[in-house]
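A.B. asks: A structural model of the following input is requested.
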Amino acid sequence: YGPPGAALKANIIAAWRKHFVIEENLLEIEDPTIMPHDVLKTSGHVERFNDFMVKDVKQEDKFFRADKLLEEEMERRLKLPA
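C.D. replies: Sure, this is the predicted structure:
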């Protein structure tokens, strides 16, 4: 993806690290395979990532993160005329 793509990738990784590693105090682990549970527990991922999920009652095979649904609804409401 050339120099611009490489720079963009580096910026995205830096932003990710700033949020999760520095602000959230999580450990960064790089591994191309799925982690064993003990590694995820030791790194803090098991305790820190417990997103609430909601099930779509109309499409029972669909699940969504509750926080994302709330964010989307709040953004929609903020755009409505006062």
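A.B. asks: all contacts plus neighbour counts: C-alpha atoms, from now on.
C.D. replies: Fine.
A.B. asks: in the chain, which spans are helices?
C.D. replies: 2-17, 37-43, 45-48, 66-79 (DSSP state H).
A.B. asks: Can you give the distance from the shortest one to the centre of its chain?
C.D. replies: The chain centroid and the centroid of helix 45-48 are separated by 12 Å, computed with Cα atoms, centre = their mean, to the nearest Å.
A.B. asks: which helices and strands does that helix pack with?
C.D. replies: With contacts defined as 3 or more Cα pairs under 8 Å, 6 or more residues apart in numbering; DSSP states H and E, helix 45-48 has no helix or strand neighbours.
A.B. asks: Pull the number of nearby residues for residue 20.
C.D. replies: With neighbours defined by other Cα atoms under 10 Å, the count for residue 20 comes to 13.
A.B. asks: whoops, residue 41 was the one
C.D. replies: There are 13 residues near residue 41, going by other Cα under 10 Å.
A.B. asks: Local confidence estimate at it?
C.D. replies: Note on residue 41: pLDDT of 85.
A.B. asks: residues in contact with the residue most central in space within the chain?
C.D. replies: Nearest to the mean C-alpha position of the chain, by Cα atoms, centre = their mean, lies residue 49 at 8.8 Å. For residue 49, no contacting residues are found, by Cα atoms under 8 Å, 6 or more residues apart in numbering.
A.B. asks: Quickly note the distance from it to residue 77.
C.D. replies: 27 Å (Cα to Cα, to the nearest Å).
A.B. asks: try residue 69
C.D. replies: For residue 69, the distance to residue 77 (Cα to Cα) stands at 12 Å.
A.B. asks: Give me the contact list for the worst-scoring helix or strand of the chain on mean pLDDT.
C.D. replies: Least confident helix or strand of the chain, by mean pLDDT, DSSP states H and E, is helix 45-48 with a mean of 78. For helix 45-48, the surrounding residues in contact (Cα under 8 Å, 6+ apart) are 26, 40, 41.
A.B. asks: And the pLDDT for the nearest residue to the first one once chain neighbours are set aside?
C.D. replies: Ranked by Cα to Cα, 6 or more residues apart in numbering and with sequence neighbours excluded, the top spatial neighbour of residue 26 is residue 20, at 5.8 Å. At residue 20, the model reports a pLDDT of 85.
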